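# Predicted model and sequence below, questions to follow.
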Amino acid sequence: MDAFQHTTSEQFQLLTVAQPSASGQVSLPGTLGEVKNIQQHAANFKISSLAQSEATVEGVMHGMKESCWVHFACHGVQDTVNPLESGLLLAGV
């Protein structure tokens with residue numbers, strides 16, 4: 001059995017990240033509503049949320065260390081030539 005199978009609803013934590021705006025990108029107007037929907041449907045679980053200016057690389061990395069799952073509602077970039085240059089566009093990036 002893996003560690004997740006031993007996780008109870010009291011131990012489970014979900015991190016949601018909503019970043020509707022990113023430099024040079026069109027705004028994603030549904031991101032905050034998307035996170036709100038998740039919060040409503042997962043009300044039995046502990047949820048930590050980072051949105052807009054709080055959704056920094058440092059904040060997300062910290063939140064990921066304390067969470068079992070992460071849901072991102074943000075822009076991403078993909079570099080097929082150099083995949084290590086791919087990533088999510090967070091606050092301050």
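Yep, that arrived.
# which residues of the protein score low on pLDDT?
Residue ranges of the chain with pLDDT under 70: 1-10.
# longest single helix anywhere in it?
helix 31-41 (DSSP state H).
# Please enumerate the helices of the protein.
Going by DSSP H, the chain shows helices at 31-41, 57-65.
# Kindly reformat the ones you listed as CSV and extend each row with mean neighbour count.
Bear in mind the C-beta positions are built from the backbone N, C-alpha and C, glycine included. Shown next, in CSV, are the helices of the chain (neighbours: other Cβ atoms under 10 Å):
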stretch, mean neighbour count
helix 31-41, 15
helix 57-65, 14
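# Save these as JSON lines, and put in distance to Leu89 too.
Compiled in JSON lines, those are given as follows (distance: least, Cβ to Cβ, whole Å):
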{"stretch": "helix 31-41", "distance to Leu89": "12"}
{"stretch": "helix 57-65", "distance to Leu89": "10"}
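# Nearest to His71, out of those?
Each of those has some distance to His71 by Cβ to Cβ; the shortest is helix 31-41, at 6.0 Å.
# if we look at the closest one, which residues are touching it?
14, 16, 18-20, 47, 49, 51, 71, 73-74 (Cβ atoms under 8 Å, 6 or more residues apart in numbering).
# so which of those comes closest to His62?
When the contacts of helix 31-41 are compared against His62 (criterion: Cβ to Cβ), the nearest one is Ser49, at 13.2 Å.
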